[in-house]
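Q: got a predicted structure here, sequence first:
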Amino acid sequence: MLRRIGGGDRAAFHALFGAYYRRLTRFCSRLVADPQLVEEIVNDTMMVIWRKADSFEARSRISTWIFGIAYRLAMKALASRRSHAKVIEYQGEIQCEAAQAGDTEERELLEAALRQLSPEHRAVLELTYFMGYSCAEIATIVKCPVNTVKTRLFHARGRLRTLWPVPSRDPQSTFLETME
């Protein structure tokens, strides 16, 4: 499909856009709070894909390449916003089964805890637990060593545990239990 897109095939690009739009939007909204900025990042990601499709070297899955582009654009946007003294807060809704199974109060506590994590920590949690990427794939996406990804996961889980206490009534169904 990327070869066809690299050759200017708009139908192939439209199909790829449809296949990735929702996933990219959800991923970016977990990193960036501003819906307009999320839309801009997703559109910029798709523009990069349109322009650079023929440069994909197949050293990873296509989705790894695509989410890597989105991650770098989101981090660049966040850095730009920080330089203008505007702090971006995470405001995405948690879409994991454990959070959906819990009550409203539990979901709100989890969301509040996730908002307090850094974008880098939220990204590795999102890519690992919500999107199913391996540490090696995440390392490719965020352009850092695998051990850095593992360290970020370790610290993100630890920080999340301090911010979001595991409910005592049913520890088997909690989000943190899935992170072990």
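A: Nice, thanks for sending it over.
Q: in this structure, which helix or strand is least confident?
A: helix 97-101 (a mean of 40; mean pLDDT, DSSP states H and E).
Q: which SSE is immediately downstream of it?
A: helix 104-115 (DSSP states H and E).
Q: what packs against that next one?
A: Helices and strands touching helix 104-115, as assessed by 3 or more C-beta pairs under 8 Å, 6 or more residues apart in numbering; DSSP states H and E, comprise helix 97-101, helix 146-163. For every residue, glycine as well, the C-beta is placed using N, CA and C.
Q: list the buried residues of it.
A: Applying a neighbour-count criterion of 16 or more other C-beta atoms under 10 Å, one finds 106-107, 109-111, 113-114 buried in helix 104-115.
Q: what is the nearest of the residues you listed to residue 76?
A: Minimum distance to residue 76 across these is 21.6 Å, recorded for residue 114 (C-beta to C-beta).
Q: contacting residues for the most centrally placed residue in the chain?
A: Nearest residue to the geometric centre of the chain (C-alpha atoms, centre = their mean): residue 27, 3.6 Å. Residue 27 sits next to 67, 70-71, 126-127, 131 when contact means C-beta atoms under 8 Å, 6 or more residues apart in numbering.
Q: Throw those residues into CSV and include pLDDT and distance to residue 152, thanks.
A: Shown next, in CSV, are those (pLDDT from 0 to 100; distance: C-beta to C-beta, whole Å):
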residue, pLDDT, distance to residue 152
67, 93, 15
70, 94, 17
71, 92, 12
126, 82, 12
127, 87, 10
131, 81, 15
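Q: ok, these vs residue 40, which is closest?
A: Set against residue 40, the nearest of those by C-beta to C-beta is residue 70 (11.3 Å).
Q: ok, and the closest non-adjacent residue to that closest one?
A: Using C-beta to C-beta, 6 or more residues apart in numbering and skipping the chain neighbours, the partner closest in space to residue 70 is residue 45 (4.4 Å).
Q: now do residue 65
A: Among residues not flanking residue 65 along the chain, residue 56 sits closest, at 5.7 Å (C-beta to C-beta, 6+ apart).
Q: gap between stretch 23-36 and the chain center?
A: The chain centroid and the centroid of stretch 23-36 are separated by 8 Å, computed with C-alpha atoms, centre = their mean, to the nearest Å.
Q: and the lengthiest helix in the chain, what does it pack against?
A: When the chain is parsed with DSSP state H, its longest helix is helix 62-83. Packing partners of helix 62-83 (3+ C-beta pairs under 8 Å, 6+ apart): helix 10-29, helix 35-52, helix 119-125, helix 135-142.
Q: now do the buried residues in it.
A: Residues of helix 62-83 classed as buried by neighbour count (16+ other C-beta under 10 Å): 62-75, 77-78, 81.
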